[in-house]
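S.K.: sharing a model prediction with you, sequence too.
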Amino acid sequence: MSAAREGGGGSGPAAAGSIGLLASFDFLDNAVDAIEGLRKAGFKRLKAYAPYPEHHIEAAMGYGQSPVRVFTLVGGLTGAATGFAFTTFTSMDWPLVVGGKPIVSIPAYIVIAFELTVLFGALATVIGLFINSRLPDVKPSVVYDPDFSAGRYGVYVEAPPGRADEARRILQAQEPVELREGAEAAHA
């Protein structure tokens, strides 16, 4: 089961004073249209569920390019700089002239710099993934329906009490198979 990240914070049941609405859809288009409608109406606390990763849902939720790639770039550049700095420092601290070569010989350091580029880039990617995914998530998601793993799509929205009817109307316009709200949605 794939759950798209929420659009605005909080991962548990509806926040104090908010009403949680959980809609279950048989078709991807209905779920995407519901998400787009809720976002256009200004609802920020959305969560989407799908049985597999789906780029249409990601686009509807407003996701851009992953910021993890910046972590990888910074890690790789740091690794390359560390590789050259480490080997240069080592050569300067223990100078050993071999065959008339200069003490600081950049071509000999490329292998170490490359290896540290890969190592630091990979470690930074994993760290960036954990940070951006907000892992580990020690509190399990309360909003869940086993049907989301069996082929249905789900949309969960937290709406302030004054706007709950508007959110309900937007979700019902897309003809959900099931629409739950309040404590019933939170314990699905």
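M.R.: Thanks, I have it. What you see is a predicted model, and the numbers here were worked out from it, not measured in a lab. Numbering: from 1, shown residues only.

S.K.: quick one, what contacts T125?
M.R.: With contacts defined as Cβ atoms under 8 Å, 6 or more residues apart in numbering, T125 is in contact with V68, F71, T72, G75. C-beta here means a position set from N, CA and C on the backbone, and glycine is covered the same way.

S.K.: how far off centre is the helix or strand containing it?
M.R.: For T125, the host element (DSSP states H and E) is helix 106-132. Offset of helix 106-132 from its chain centre (Cα atoms, centre = their mean, to the nearest Å): 22 Å.

S.K.: report the buried residues of that helix.
M.R.: Y109, I112, A113, L116, T117, F120, G121, A124, T125, G128 (16 or more other Cβ atoms under 10 Å).

S.K.: which elements pack onto the next helix or strand along the chain from it?
M.R.: Beyond helix 106-132 in the direction of the C-terminus, DSSP H and E gives the next helix or strand as strand 153-159. In terms of contacts (3 or more Cβ pairs under 8 Å, 6 or more residues apart in numbering; DSSP states H and E), strand 153-159 is packed against strand 19-25, helix 28-40, strand 46-50, helix 164-173.

S.K.: same list, these, but as TSV with distance to A80 and mean neighbour count please.
M.R.: What follows is those, written out as TSV (distance: least, Cβ to Cβ, whole Å; neighbours: other Cβ atoms under 10 Å):
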stretch	distance to A80	mean neighbour count
strand 19-25	48	24
helix 28-40	41	19
strand 46-50	39	23
helix 164-173	50	17
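
S.K.: any chance of those in TSV, plus distance to V98 and mean pLDDT?
M.R.: Converted to TSV, those look like this (distance: least, Cβ to Cβ, whole Å; pLDDT from 0 to 100):
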stretch	distance to V98	mean pLDDT
strand 19-25	70	94
helix 28-40	65	97
strand 46-50	61	94
helix 164-173	74	96
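
S.K.: of these, give the one that comes closest to E58.
M.R.: strand 46-50 (8.6 Å; Cβ to Cβ).

S.K.: now do the buried residues in the next helix or strand after the closest one.
M.R.: Counting by DSSP H and E, the next helix or strand C-terminal to strand 46-50 is helix 55-61. Neighbour counts over helix 55-61 (16+ other Cβ under 10 Å) mark I57, E58, A60, M61 as buried.

S.K.: what's the most distant pair in these?
M.R.: Counting by Cβ to Cβ, the most remote pair of the buried residues of helix 55-61 is E58 and A60, 7.3 Å apart.
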